[in-house]
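Novice: Let's see this in three dimensions:
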Amino acid sequence: MGPSMHSRRVLCLAALSALFARAHAQPAATTAAAVKAAFLYKFPSFVDWPPGVFQRPNQPLVIGVVGDDTLAADLEQMVAGRTTDGRAVTVHRVADAASAAGVHVLYIARRSDARLQDFIAAVPGPVLIVTEQPGALQLGSVLNFAEDGSRMRFSASLVSAASRKLKLSARLLAVAESVEGHNS
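Specialist: Purely as a prediction, here's the structure:
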């Protein structure tokens, strides 16, 4: 990794750490959807994507949102005119697994376990699946949000990440509340 890539990762880590700290002391005016949107914008910087995921150097990073229009709107507003790792970021509202084609990050709002598991299974490829319900990591989610009072936290599954050919950065794992599949 070259010095400029290392510097960007260090800056992204600092930003994610600051965001994580702010999420722990989130003011009442900041909504849970806005905090989740900020995390969704930052998460891709801490993922090593397999070769071929981005077919062109200028191909945008696409974040899909299922079942949460408020979060999608907050995320659209947040990413307008911004980039992550030198790529433009776009937000795509996803209705079903078939319309998730081409997304790199897919946030799926709370749903029944059976529906969530079916949805995750129907989304092929190296997609960073992010959810928000207990037990979602065991159903195939890679990252899962959990609210703890006024704090927003997330957990990670290395098994789910590996099954999607994604490698999560140690820096991301260091700020996760828990990491499943971690050999320690």
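
Novice: shaky segments in the protein?
Specialist: Scanning the chain for pLDDT under 70 picks out 1-30, 183-184.

Novice: mind redoing it with 90?
Specialist: Residues of the chain that meet the criterion pLDDT under 90 lie in 1-32, 55-58, 84-86, 96, 98, 110-114, 124-125, 147-151, 181-184.

Novice: all strands for it, in order.
Specialist: For the chain, applying DSSP state E gives strands covering 47-48, 61-66, 83-84, 87-94, 105-108, 128-131, 143-148, 151-157, 167-168, 178-180.

Novice: Which residues does the fourth one contact?
Specialist: Just to be clear, that refers to strand 87-94. Under the criterion C-beta atoms under 8 Å, 6 or more residues apart in numbering, residues 41, 54, 58-66, 69, 72, 75-76, 79, 82-83, 99-100, 102-103, 106 lie in contact with strand 87-94. Yep, even glycine has a C-beta here, placed from its N, CA and C like the rest.

Novice: Pull out the buried members of those.
Specialist: Using 16 or more other C-beta atoms under 10 Å as the burial test, these include 41, 60-66, 72, 75-76, 79, 100, 103, 106 as buried.

Novice: Can you tell me the closest non-neighbouring residue to Leu158?
Specialist: Distance criterion C-beta to C-beta, 6 or more residues apart in numbering; nearest residue to Leu158, sequence neighbours excluded, is Gly181 at 3.7 Å.

Novice: before we move on, what about Val94?
Specialist: Using C-beta to C-beta, 6+ apart and skipping the chain neighbours, the partner closest in space to Val94 is Gly64 (4.2 Å).

Novice: mind listing what that neighbour touches?
Specialist: By C-beta under 8 Å, 6+ apart, the contact list for Gly64 reads 91-94, 100, 103, 105-107.
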